[in-house]
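K.L.:
Quick one, what's the 3D model for this:
(4 chains)
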4 protein chains.
Amino acid sequence: MKLSGVMPPISTPFQDGKLDVDKLRKNFQKWNKTALSGYLVLGSNGEAVFLSEKEKTRVVEASRESIPASKVMLVGPGMESTQETIRFTNETARMGADCALVVTPSYFKGSMKPKILYDHFIAVADSSRIGILLYNVPQFTGINLEPEWVAKLSQHPNIIGIKDSSGNIGQLSEIISLSQKGFAIFVGSAPVFFPALCVGAVGGILAVANVVPQECVQIQTLFRKRKFDEARALQNRLTPLAKAVTTKYGIGGLKLAMDLAGYFGGNPRSPLKRPDREVEEELKGLLAQLKKANTNPKAG
Amino acid sequence: MKLSGVMPPISTPFQDGKLDVDKLRKNFQKWNKTALSGYLVLGSNGEAVFLSEKEKTRVVEASRESIPASKVMLVGPGMESTQETIRFTNETARMGADCALVVTPSYFKGSMKPKILYDHFIAVADSSRIGILLYNVPQFTGINLEPEWVAKLSQHPNIIGIKDSSGNIGQLSEIISLSQKGFAIFVGSAPVFFPALCVGAVGGILAVANVVPQECVQIQTLFRKRKFDEARALQNRLTPLAKAVTTKYGIGGLKLAMDLAGYFGGNPRSPLKRPDREVEEELKGLLAQLKKANTNPKAG
Amino acid sequence: MKLSGVMPPISTPFQDGKLDVDKLRKNFQKWNKTALSGYLVLGSNGEAVFLSEKEKTRVVEASRESIPASKVMLVGPGMESTQETIRFTNETARMGADCALVVTPSYFKGSMKPKILYDHFIAVADSSRIGILLYNVPQFTGINLEPEWVAKLSQHPNIIGIKDSSGNIGQLSEIISLSQKGFAIFVGSAPVFFPALCVGAVGGILAVANVVPQECVQIQTLFRKRKFDEARALQNRLTPLAKAVTTKYGIGGLKLAMDLAGYFGGNPRSPLKRPDREVEEELKGLLAQLKKANTNPKAG
Amino acid sequence: MKLSGVMPPISTPFQDGKLDVDKLRKNFQKWNKTALSGYLVLGSNGEAVFLSEKEKTRVVEASRESIPASKVMLVGPGMESTQETIRFTNETARMGADCALVVTPSYFKGSMKPKILYDHFIAVADSSRIGILLYNVPQFTGINLEPEWVAKLSQHPNIIGIKDSSGNIGQLSEIISLSQKGFAIFVGSAPVFFPALCVGAVGGILAVANVVPQECVQIQTLFRKRKFDEARALQNRLTPLAKAVTTKYGIGGLKLAMDLAGYFGGNPRSPLKRPDREVEEELKGLLAQLKKANTNPKAG
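P.N.:
Residues are numbered from 1 along each chain as shown, chains lettered A, B, ... in the order given. Below is the predicted model of the structure:
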């Protein structure tokens, strides 16, 4: 199991509001043909907060069947209490997850001091049967995991990496510089994928990789080949789409873009909504520009 | 059913990490002897985010048995998805809740535009068998419900009130000024209980009322008797304790103060912690000052 | 000199971008006929940051000539460095200021720790020939002066009061509760003038008092006569205008409203602008509503 | 005049609180021996907000005499009003500044909408006799200049570049991607100097370059030679010192580090303070680590 490369936090398909695992399987058939290194199941972009535990189990099981052994299956248990996080992490391990992405608890923001978060992650790591990755996503949680605390946590043998979605490259650099050698550091924000690679990230867990996996992978391939100018140019073409399907139009925008790119996106659950026609035209334009530019050998 | 007065968002007792409904019943026996007008079950301070649905059901059932018909039983279903909120609201109605306190969904902060929140609340109100109160708590959710949108929602016949925990008295004033006559406006921040009454709130849903219910009720009693100077003086004596059991020491501090005041508090669930001895001494001091001052007729 | 009541932070008139002290004198002639208790000269709303020191001197001198001995003349020196603040405070004292309103330095936000601010105010108070009031305005400075530090500062014999413009009534209550007896506490946010009086403020320094001084004064008069319902009703009618001339349309909106109310407002200096016709209509409407309601004896 | 490379925002020396231009000249003699490409005079780190206009003039004149024609002299006029900014920009031009760094006005935060800022910069650019660079520094101003507005401004022939101190590499990438070809983009945050170069910045205006100019220049030299691993390693060694002399210990820390590195730092003006002995030891340690690592050919 190679912990690096590009993984999408997979979108969860609903048909008339009901979970549709067949559609999920079909998405996997397409994604599996790409050079994606793995998948994050039950992430924020998978609308995990809208799923009952039964639905979560079905998503994990269907994913396990669809993901080949050559690709990583990372699962996000996403609970607030330490005990529940441990219980569900081991439950996902039993269902075949390779490792777990454990988010900072955040409901009681004022109480989530660094030491409280540290103790939470250590307790989960001590009791988890699979390796865990820390998940830092201040834009959803209102909590930021400081580099020096990540460094301390990186010394635990069962804490094997981090997804940092802060978008803060200075912070990512410090995490890389301070943490244990071999600690796998993923960036979780597509508009800074290229600079994250420059400062030493091993890969990206990127919402937009649900839509255009090849283009995301290509940025890292170009980077590895030291074709920096081309990697940067591709990043610049990807960024407008990446921002549209996350910050600007949220999960509804992401799912709409998936439909336009040949995957099944469908509608998000309420209160989220599918964006209107105008946004659809905008997303079509952004996809066309990215695809066109990519097929033009002189572009970038 | 009178929707006004002081209600505590009841604390949930755990013994060795396990839900202990007997302890909850004993707390109710004491609270019921006071002039509290009702109770909020499954609120933030009840650690609802740490409870499984089974545990939530047991808390609601035990509360229903303990709460007399003369007092309001308000329940917080607290879900992110519209469908789940409707389902669990009606489930709590079936178990005997008088009305439901529905929090703003907040996980996907960037997508929670006013119209999205409005549609969510209207959908819940349309399908709920009991009246609903809006719950605005920006310090936990990162989302603020603006007064003009509260005013629009107040026109729905099944949206009967709001708990505003922003602590922003200017905002509370505007909500009161703009919303439908008869809309029940509660403040959710004890340090501004007295000014909230001055601008027209009908009551308070106050964490510190778990600990010192009589003192909280007395502020409103003095206010109703137009003894403003005494009400304000009592508020000033209550404020240091109120801040300690919420902002400063969180749920752990609240539960510790309950133990000191003769209720069962116990430990919060991990990752939250019981504060150390130093905090215990501080809380003892704050309680003693409040109690002493109250028995002294010349105080204030 | 009575340090209480309503004072406007006076607007500074420009004609074709040039300071016009004659217009200022005419405004004073009108304001002086009202029950305003005094004036703040060189405040934020006086566009002090756009004035050269020569212009500041002319504004202070013209104000001194226009303000009768029965009203307080408060001046805001508004400097970042301690030495410059002391120098200009004593300069305004020499020109006849009764007391000085000293803002928290704020440019180097990260360095403005409570002890640094404390030392700054003590140094100014030690060297100032006139009494000083602290000025806390987080929405402009990004700095908040915590109640416990205000309380410490209130013990200095030459620090005689505070203008708190945070709009946070909980904080204002704590300042009042913790600070030295006799310390003059003014609120600087008109939408919370009534609740500020309820918790014990001695008055308000209110931008909207440039436009409708009598209505502002009347809220405090009604409050003193214990006509709370009428005071609150008047506050609710004032709030929409108060928000429009500060938060919503800024200094340009304030000056436009002054023109509509019979004072000289004129244009703000660039980069600020006069709002367009649509805003003018909105402000006219807000003024008409307030005036109409006031002349109707049954209103409120 | 080559607009690229590393420039320090020069520190302003005071002796017993008085401006000491001799000390400044001595600092220039040392800096001039390095490969710094130029200097920013009257920047934030130069304590410009603490200087009278007379003092500013003396600093600019002394700098002009000390800066050779081969290096850029950039001056920060730093005014809130459009007219004053124009006046002082042309004043600095008259004194020999090569170009001006014009900060976003920020005192009236709520009114500083993108169009207002745009009009301000266009007005200054239209009337300035020298080229101007935009200055975006949200941590001091509370205002952020969005990439699409920077792109529009970059089309004005007299707006020749930007210093972006947000530390946000995603934003910097977008500015570079969207703005006019040839627009000179400098990063203003040393901990992200290397990633800024990776995404296409032409240089850095870095506080820590007052202290260790050679090491800052070396990062860019290594980058140009495509020795990316060495550049990144040097960045990682520089970052702890860079954070200490800005975020952590402010101007006082910067000046202390200058003293330790053989320049004249001295004390900042009040209310800022020189840090205590403990900080001095910490800074000594950070400098020693950086220097030691640099002299070791195998390091990095």
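K.L.:
can you list the residues of the stretch 101-250 of chain A near chain B?
P.N.:
A:105, A:107-112, A:116-117, A:119-120, A:123, A:139-140, A:142, A:247, A:250 (CB under 8 Å from any CB of the partner chain). Any C-beta I mention is one placed from the backbone N, CA and C, and that applies to glycine too.
K.L.:
If we use 10 Å, what do you get?
P.N.:
Proximity of the stretch 101-250 of chain A to chain B is confined to A:104-113, A:115-121, A:123-124, A:139-142, A:246-250 under the rule CB under 10 Å from any CB of the partner chain.
K.L.:
pLDDT score for the closest residue to A:Arg64 other than its chain neighbours?
P.N.:
Among residues not flanking A:Arg64 along the chain, A:Gly96 sits closest, at 4.2 Å (CB to CB, 6 or more residues apart in numbering or on different chains). According to the prediction, A:Gly96 has pLDDT 97.
K.L.:
what does A:Lys298 give?
P.N.:
Per-residue pLDDT puts A:Lys298 at 46.
K.L.:
What of A:Gln139?
P.N.:
A:Gln139 is given a pLDDT of 88.
K.L.:
Around it, count how many other residues there are.
P.N.:
18 (other CB atoms under 10 Å in any protein chain shown).
K.L.:
That one touches A:Ser165, doesn't it?
P.N.:
Yes: judged on CB atoms under 10 Å, A:Gln139 makes contact with A:Ser165 at a distance of 7.0 Å.
K.L.:
before we move on, back to that, isn't the residue nearest to A:Arg64 right next to A:Ser66, touching?
P.N.:
No: between A:Gly96 and A:Ser66 there is no contact under CB under 10 Å: 11.3 Å.
K.L.:
Tell me the first helix or strand C-terminal of the one helix or strand A:Leu40 maps to.
P.N.:
Assigned by DSSP states H and E, A:Leu40 falls within strand A:38-41. Heading C-terminal from strand A:38-41, the first helix or strand you meet, by DSSP H and E, is helix A:53-66.
K.L.:
Kindly export the following helix or strand past that next one (C-alpha atoms) in PDB.
P.N.:
Toward the C-terminal end, the helix or strand that comes next after helix A:53-66 (DSSP H and E) is strand A:72-75. Output in PDB follows, covering the C-alpha atoms of strand A:72-75 (Å, rounded to 0.1, in the frame of the first residue of the first chain):
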ATOM      1  CA  VAL A  72      -5.800   2.600  -1.000                       C
ATOM      2  CA  MET A  73      -9.200   2.600   0.800                       C
ATOM      3  CA  LEU A  74      -9.200   5.400   3.400                       C
ATOM      4  CA  VAL A  75     -12.300   5.800   5.500                       C
END
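K.L.:
which other helices and strands contact strand A:72-75?
P.N.:
Contacts defined by 3 or more CB pairs under 10 Å, 6 or more residues apart in numbering or on different chains; DSSP states H and E place strand A:72-75 against strand A:5-7, strand A:38-41, helix A:53-66, helix A:82-94, strand A:99-103, strand A:131-136.
K.L.:
which helices and strands sit right next to the first one?
P.N.:
It stands for strand A:5-7. Against strand A:5-7 (3+ CB pairs under 10 Å, 6+ apart) you get strand A:38-41, strand A:72-75, strand A:184-187, strand A:203-205, helix A:213-224.
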